[in-house]
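> Provide a 3D model corresponding to the input given below.
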Amino acid sequence: MSGNRVVLSAEFTALPAAADEVDALIQEYAQTVRAEPGNERFEVYRRAEDPDRFVVFEVYRDREAFDAHLGAEAGRAFNAALVPRIVEPQSVLSFLTPTGRS
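A predicted model of the protein is given here:
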């Protein structure tokens, strides 16, 4: 976490034949998250070497904004729809800090 900002990646792997459905879910959810107060970035990627693997890069203004994101009903609904379509029991979160040169 850099300064007060919360920076993280979320990763998950779509079940076989569910990648396009997962992509549609995350694209719709991305529009909602980008409109949240305090969200600075919500970028969705698929790994080039494994297109069933999704990586979401997220930045929030501060811990309060991130906590509000976690408590939002839209997130609960998204996760309820996502979990049956992915390999992992839930998204794997990695919190990030800047290097000394950032």
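> ok, and what's touching the longest helix anywhere in the chain?
In the chain, with assignment by DSSP state H, the single longest helix is helix 19-34. With CB atoms under 8 Å, 6 or more residues apart in numbering as the test, helix 19-34 has contacts from 12, 14, 39, 42, 44, 46, 51-52, 54, 56, 58, 69, 74-75, 78, 81-82, 85-86. Using the backbone N, CA and C atoms, a C-beta is placed for each residue, glycine as well.
> what secondary structure does P98 sit in?
coil (DSSP: H, G, I helix; E, B strand; the rest coil).
> Let me see the ranges of the helices in this protein.
19-34, 63-71, 73-82.
> residues of the first one that come out buried?
Of the residues in helix 19-34, those with enough neighbours to count as buried (16 or more other CB atoms under 10 Å) are 19, 22-23, 25-26, 29-30, 32-33.
> same check, this time on stretch 39-49
39, 42, 44, 46.
> May I see the buried residues of helix 19-34 arranged in CSV, with pLDDT and distance to P98 as well?
Putting those into CSV (pLDDT from 0 to 100; distance: CB to CB, whole Å) gives the following:
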residue, pLDDT, distance to P98
A19, 97, 31
V22, 98, 30
D23, 98, 29
L25, 98, 30
I26, 98, 25
Y29, 98, 26
A30, 98, 24
T32, 98, 27
V33, 99, 22
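> avg pLDDT for the longest strand seen in the chain?
Ordering each strand of the chain by length in residues (DSSP state E) puts strand 50-60 first. Mean pLDDT, strand 50-60: 98.
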